[in-house]
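In: My questions concern the predicted model and sequence given below.
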Amino acid sequence: MSVHYRAVQWNRQKRIYDACIVGGIVAFLAVFVLAHRALHPEATTETVLIRGTATLALVMLHGILAIGPLARIDRRFLPFLYNRRHLGVAMFLVAAVHGVLSILQFHSLGDEFPLVSLFTSNTQYTSLADFPFQPLGFFALVILFFMAATSHDFWLANLSPRVWKTLHMFVYLAYALVVMHVMLGAAQRDSSPWLVGPLAAAMLGLVVLHVAAGRRETRFDAGSPSETPDEGFVDLCAIDDIPEDRAVTACLGDERIAVFRYDGKISAISNVCRHQNGPLGEGKVIDGCVTCPWHGFQYLPAEGRAPEPFTEKLETYDVRIDGDRVLVNPTPHPEGTARPPAVIRERDVPEERS
Amino acid sequence: MSVYRTRESEFYVGYHEKAPPATGRFVRVVVGVIAVACVVVPLGFTAAQRPFSTATFEFGSLRELSGFVTRDPVPMLRVVVGYAQGEAVVVSLPLLAPGKFGGARVLDAIEKMIDPSIPPVLSQEVATLEVTLRGTLVYHDGKTLFELSEGEETPVSVDVLAEGALPKVKVESLGRTTLRGEIVDSKCYFGVMKPGLGKPHRSCAIRCISGGIPPVLMVRNAEGDADYILVVGPEREPVNERILDYVAIPVEVEGELERFDDWLLIRTDPASGITPVR
């Protein structure tokens, strides 16, 4: 978190993350080039670089798309999510090298402007088999460019998280375009099952991961009441169901509410982080602040807002304790409305059985 | 009431100095797997690819060749490589310009450099000139082309020959025929790009042929050996702009097959003589 915008807020883990990205890119391309020198000495340097950057960008894109559902299924993947944007920008740069080299190779030094030639050289737009595959890659690259260019928190704050998130969901359109780019291009010339097979397996893997992560979410929402009373409190859980400095999350009506237990108190806030819609209910109270598990954005649970000088605000909810039960009123208070937490008295907590 | 509760004792925060121990161990294992993938994936991809062509483009290596330039059937340099039974043995090298352009502009450049008093250069009379050119060889499978590389369009020398000093062009009609194959651009296929054929290369081949590079019909027999046939119009005129829709796809070409020195050519009307094969 920062109240000012900086190009990159470096910290130790971010440096390690980026070093791994650069090291991985260099290692992948080095192995690719050296393997071609050994196994295919006839291959031209341009072709090796075009294919190497294409393969690497495709592998990176699959990794990027897998991180989200993996982190939903197993929270130990969260460190990969924390700086995923760096991986996305790096993937765009690799893909851009592929795109620029391809346009230079196939369309430059001719009788037509290269970007015009890209769309007008092969004009079989009505044929699936002969469809020009290069414009598909170009449009995928344009999408990835806008995603990389707007990846900084400056754009996130100025576009609003909702618009930003919607824009970045276009990565799935880019992915579809890339798959078509490969299947209608390189795969038509080189249809070895050892090339097409891994791509098909990776696509299937992504689908399975997304379905598994999605089922986990829908199963949780399905267990929540579909209708909630217009007023009044809903019995949510026992006090001891909430671990200290942690939360339980419940879907009341259309909203997910995170109910935190901390420092002998219980507060309820919106589950949706204002940064990137991260699940605050899976966060932890650190130094008195609810900390988002995705990027560490923090909020004061009773205040419904980030600590000064930060300005992010959340909806808050009234909480009541009845015996050892926690009750929540699902009617939200406007963002940033401070609500007194429910205080846990000693007699509210049942003694541990010996 | 169904509620969701996290059960992990550890909590990762990206801007803390270190990850929690168990999370850190897990991340190191995953990074190790990714590191192995950074070696295995490029190795596997490289091994699984189709073999590359042995075609050669002697990029950066300039040679001087002497011969007779002609525009018929395509811009060529005809080089006498020896004599057999009293007759010159000629190897014809289609001429190429830098980039995606054919030899016509090479001949145009030569014309500009020649003494304007020699008339007219752009017809058969050009064949009365013996020129020495400097350029880069492109060759594969018994065929050789000559690119007058950037800055090398100027002939090293030009000599006007006496009548009768020219090697005779051997033209032999082989009859009307239909051939099945793929139309490629000769510059890329014979060495400048790999692969220089098929769908991935189609846009480039269209650009090259549009720029005047001679189109060649590649016909493979059952044994996998290839014949290369220059594609020209019924009067041996260039048909480059008329065949762009048929480039880099399987086609049948019907026309008059001829042997022209050491090249085969097919004279065809693209509108009626070329058909895509599905």
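Out: Now that the structure is in, tell me what you want to look at. Numbering: from 1, shown residues only, chains lettered A, B, ... in the order given.
In: then stretch B:210-223 to PDB, C-alphas only?
Out: The C-alpha coordinates for stretch B:210-223 follow below in PDB (Å, rounded to 0.1, in the frame of the first residue of the first chain):
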ATOM      1  CA  SER B 210       3.500  -9.300 -55.200                       C
ATOM      2  CA  GLY B 211       6.900  -7.600 -55.200                       C
ATOM      3  CA  GLY B 212       8.000  -9.500 -58.300                       C
ATOM      4  CA  ILE B 213       9.800 -12.500 -57.000                       C
ATOM      5  CA  PRO B 214       9.300 -15.400 -59.400                       C
ATOM      6  CA  PRO B 215       6.600 -17.800 -58.300                       C
ATOM      7  CA  VAL B 216       7.600 -21.400 -58.500                       C
ATOM      8  CA  LEU B 217       5.300 -24.400 -58.400                       C
ATOM      9  CA  MET B 218       6.800 -27.100 -56.200                       C
ATOM     10  CA  VAL B 219       5.600 -30.600 -57.200                       C
ATOM     11  CA  ARG B 220       6.600 -33.600 -55.000                       C
ATOM     12  CA  ASN B 221       6.500 -37.100 -56.300                       C
ATOM     13  CA  ALA B 222       5.600 -40.200 -54.300                       C
ATOM     14  CA  GLU B 223       9.300 -40.600 -53.200                       C
END
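In: Would you indicate which residues of it are buried?
Out: B:Ser210, B:Gly211, B:Gly212, B:Ile213, B:Pro214, B:Pro215, B:Val216, B:Leu217, B:Met218, B:Val219 (16 or more other C-beta atoms under 10 Å in any protein chain shown). From N, CA and C alone the C-beta is placed, and that goes for glycine too.
In: just those residues that are near chain A?
Out: Among those, proximity to chain A is found for B:Ser210, B:Gly211 (C-beta under 8 Å from any C-beta of the partner chain).
In: Quick one: the helices in the stretch 151-300 of chain A, in order.
Out: Per DSSP state H, counting those that start in this stretch, the stretch 151-300 of chain A carries helices over the ranges A:153-159, A:161-168, A:171-183, A:186-189, A:193-222.
In: What helices and strands are in contact with the fourth one?
Out: So that's helix A:186-189. helix A:193-222 (3 or more C-beta pairs under 8 Å, 6 or more residues apart in numbering or on different chains; DSSP states H and E).
In: which residue is nearest the centroid of chain A?
Out: Centroid check for chain A by C-alpha atoms, centre = their mean gives A:Gly68 as the closest residue, at 4.9 Å.
In: now the helices for chain B?
Out: Secondary structure of chain B, counting by DSSP state H: helices at B:21-48, B:104-113, B:186-187, B:202-210, B:270-273.
In: Name the nearest of the buried residues of stretch B:210-223 relative to chain A.
Out: The nearest member of these to chain A, counting by C-beta to the nearest C-beta, is B:Gly211 at 4.6 Å.
In: Check the gap between the closest one and A:Lys284 for me.
Out: 64 Å (C-beta to C-beta, to the nearest Å).
In: Repeat that for A:Ala176.
Out: 37 Å.
In: What is the lengthiest strand in chain B packed up against?
Out: Determined from DSSP state E, the single longest strand within chain B is strand B:171-185. With contacts defined as 3+ C-beta pairs under 8 Å, 6+ apart, the packing partners of strand B:171-185 are helix B:202-210, strand B:215-220, strand B:226-232, strand B:250-260, strand B:263-267.
In: For the last one, C-alpha coordinates in PDB please.
Out: What follows is the C-alpha trace of strand B:263-267 in PDB, where atoms were taken according to Å, rounded to 0.1, in the frame of the first residue of the first chain:
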ATOM      1  CA  TRP B 263      14.500 -24.500 -65.700                       C
ATOM      2  CA  LEU B 264      11.000 -25.900 -66.200                       C
ATOM      3  CA  LEU B 265       8.200 -23.400 -66.700                       C
ATOM      4  CA  ILE B 266       4.500 -23.700 -67.000                       C
ATOM      5  CA  ARG B 267       2.600 -21.300 -69.200                       C
END
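In: What pairs with it, parallel or antiparallel?
Out: Paired neighbours of strand B:263-267 in the sheet (DSSP bridges): strand B:226-232 (parallel), strand B:250-260 (antiparallel).
In: Next, format those strands as a markdown table and append mean neighbour count and mean pLDDT.
Out: Shown next, in a markdown table, are the strands paired with strand B:263-267 (neighbours: other C-beta atoms under 10 Å in any protein chain shown; pLDDT from 0 to 100):
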| stretch | mean neighbour count | mean pLDDT |
| --- | --- | --- |
| strand B:226-232 | 22 | 97 |
| strand B:250-260 | 18 | 97 |
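In: Columns distance to B:Thr23 on top of these, output as TSV?
Out: Listed next are the strands paired with strand B:263-267 as TSV, based on distance: least, C-beta to C-beta, whole Å:
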stretch	distance to B:Thr23
strand B:226-232	59
strand B:250-260	56
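In: Would you tell me which of those gets closest to A:Asn271?
Out: Nearest of the strands paired with strand B:263-267 to A:Asn271, taken as C-beta to C-beta: strand B:250-260 at 58.0 Å.
In: if we look at the closest one, which residues are touching it?
Out: Contact with strand B:250-260 is made by B:73, B:92, B:169-183, B:217, B:229-231, B:234, B:264-269, B:272-278, as judged by C-beta atoms under 8 Å, 6 or more residues apart in numbering or on different chains.
In: go with 7 Å
Out: Residues from elsewhere that reach strand B:250-260 (C-beta atoms under 7 Å, 6 or more residues apart in numbering or on different chains): B:73, B:171-183, B:217, B:231, B:264-268, B:273-277.
In: Can you name the helix or strand that the residue nearest to the centre of chain A falls in?
Out: helix A:45-73 (DSSP states H and E).
In: Remind me what that helix packs against, helices and strands.
Out: Counting contacts by 3 or more C-beta pairs under 7 Å, 6 or more residues apart in numbering or on different chains; DSSP states H and E, helix A:45-73 is packed against helix A:12-39, helix A:78-82, helix A:84-107, helix A:171-183, helix A:193-222, helix B:21-48.
In: just checking, what packs against the first one?
Out: In other words, helix A:12-39. If you count contacts as 3+ C-beta pairs under 7 Å, 6+ apart, helix A:12-39 packs onto helix A:45-73, helix A:84-107, helix B:21-48.
In: and with 8 Å instead?
Out: Using 3+ C-beta pairs under 8 Å, 6+ apart, helix A:12-39 sits against helix A:45-73, helix A:78-82, helix A:84-107, helix B:21-48.
In: any chance of those in JSON lines, plus mean pLDDT and distance to B:Phe190?
Out: Output for these, formatted as JSON lines (pLDDT from 0 to 100; distance: least, C-beta to C-beta, whole Å):
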{"stretch": "helix A:45-73", "mean pLDDT": "97", "distance to B:Phe190": "16"}
{"stretch": "helix A:78-82", "mean pLDDT": "94", "distance to B:Phe190": "48"}
{"stretch": "helix A:84-107", "mean pLDDT": "97", "distance to B:Phe190": "17"}
{"stretch": "helix B:21-48", "mean pLDDT": "96", "distance to B:Phe190": "25"}
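In: Many thanks, we can stop here.
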